[in-house]
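Colleague: can't give you the sequence, but here's the structure:
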């Protein structure tokens, strides 16, 4: 239930922020070469999409991960049904803690829990990446934490 | 490649806005009874998540669907790689067109294309539902259309 991640896989300095997944620390190194431009994407069905549980969460607290200089540990409120959870997210190179605190974010709630450098992560925070800029998803107007996405 | 949806499945008036999927018109009626509260969710892997292609899009145009009173037809810009696409989204009961026009939204880009009451939909716009309120997802700060979510 709590797979220990393999030992850290970031022996090189963070020269390319593009390779840092913002929502969660990498479990494996990225492929050495980029994929060819715009191959035909595998199509998914609405049923495939429905397997992914996405909800709005409010960020209650943000603190530095004690053992990883790119990671934050976040406590989030996922509403009355799911309650509070801890997430680990690779957002530290991109924003200060106060840019996340109290904000509404979007979380994949049923992704396998993982332990990332010793800290439990029970969900994946979604963010958009535009070159070296990473910006969390949010909602266009306030809704209650726990609101489902579809 | 362009499956025609079955005939409309909304014989009753929209008494319960909760049942209107905001991102896309329903392909089948919802189950008659709600699921039991908070069963253990099926877990998914990061690889499962990666099968879903999510990108930021800018809404270029919003117009009424000619044959469905809850649906909008949107033209969106998905950036240089994917270009412009038409989406059909069940957002009309929840917001006027000007609340969407020119906004940044989040789209599942590799969901099977569908024809919804005669109009082609090439993606699913994501929105949060909080009771009778439906609010599109967006980004916490501007990024380029086509930016990937992860």
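Modeller: Good, I have the coordinates. Just so we're clear, the structure is a prediction, and the values are computed from it rather than from any experiment. Numbering: from 1, shown residues only, chains lettered A, B, ... in the order given.
Colleague: The longest strand seen in chain A: how far from the chain's middle?
Modeller: Ordering each strand of chain A by length in residues (DSSP state E) puts strand A:54-64 first. Taking CA atoms, centre = their mean, to the nearest Å, one finds the center of strand A:54-64 at 10 Å from the center of the full chain.
Colleague: Can you tell me what sits against it?
Modeller: Strand A:54-64 is contacted from outside by A:71-79, A:82, A:84-85, A:92, A:97-98, A:100-109, A:123, A:125-126, A:139, A:143-150, B:126, B:128, B:130, using CB atoms under 8 Å, 6 or more residues apart in numbering or on different chains. Glycine gets a C-beta too; all of them are placed from N, C-alpha and C.
Colleague: Quick one: residues contacting residue A:67.
Modeller: A:117, A:118, A:119.
Colleague: isn't residue A:128 right up against residue A:106?
Modeller: No: counting by CB atoms under 8 Å, no contact exists between residue A:128 and residue A:106, whose distance comes to 10.5 Å.
Colleague: residues shared between the contacts of these two?
Modeller: The overlap between the contact sets of residue A:128 and residue A:106 (CB under 8 Å, 6+ apart) consists of A:136, A:137.
Colleague: Could you report the neighbour count for the residue nearest to residue A:56 when sequence neighbours are not counted?
Modeller: Closest residue in space to residue A:56, ignoring its immediate chain neighbours: residue A:147 at 4.4 Å, by CB to CB, 6 or more residues apart in numbering or on different chains. By other CB atoms under 10 Å in any protein chain shown, the residues close to residue A:147 number 24.
Colleague: buried stuff in the host helix or strand of residue A:48?
Modeller: Using DSSP states H and E, residue A:48 falls within helix A:46-50. By 16 or more other CB atoms under 10 Å in any protein chain shown, the buried positions in helix A:46-50 come out as A:46, A:48, A:49.
Colleague: List the residues that contact the closest residue to residue A:51 other than its chain neighbours.
Modeller: Spatial nearest neighbour of residue A:51, excluding adjacent residues (CB to CB, 6+ apart): residue B:44 at 5.9 Å. With contact set as CB under 8 Å, 6+ apart, residue B:44 has these partners: A:51, A:52, A:108, A:110, A:111, A:112.
Colleague: Show me which parts of the longest strand of chain A are buried, residue by residue.
Modeller: A:54, A:55, A:56, A:57, A:58, A:59, A:62.
Colleague: Closest to chain B out of those residues?
Modeller: Nearest to chain B among those is residue A:56, at 5.0 Å by CB to the nearest CB.
Colleague: Tell me what the closest one is bridged to.
Modeller: For residue A:56, the residues forming beta bridges with it (DSSP bridges) are residue A:106.
Colleague: that older thread, give me the subset of the contacts of strand A:54-64 lying in helices.
Modeller: A:79, A:82 (DSSP state H).
Colleague: Can you tell me which of the contacts of strand A:54-64 are buried?
Modeller: The buried subset of these (16+ other CB under 10 Å) comprises A:71-74, A:76-79, A:82, A:85, A:92, A:100, A:104-109, A:123, A:125-126, A:139, A:143, A:145-150, B:126, B:128, B:130.
Colleague: ok, the closest residue to residue A:83 other than its chain neighbours to residue A:127 distance?
Modeller: Among residues not flanking residue A:83 along the chain, residue A:77 sits closest, at 7.6 Å (CB to CB, 6+ apart). Here residue A:77 is placed at a distance of 19 Å from residue A:127 (CB to CB, to the nearest Å).
Colleague: Kindly report the same for residue A:83.
Modeller: 23 Å.
Colleague: Show me which of the two is the more surrounded one.
Modeller: More crowded of residue A:83 and residue A:127, by other CB under 10 Å: residue A:127, with 28 against 12.
Colleague: give me every residue that touches residue A:110.
Modeller: A:52, A:53, B:41, B:42, B:43, B:44.
Colleague: Kindly indicate which of the residues you listed lies nearest residue B:135.
Modeller: Of all the contacts of residue A:110, residue A:53 has the smallest distance to residue B:135: 17.8 Å, by CB to CB.
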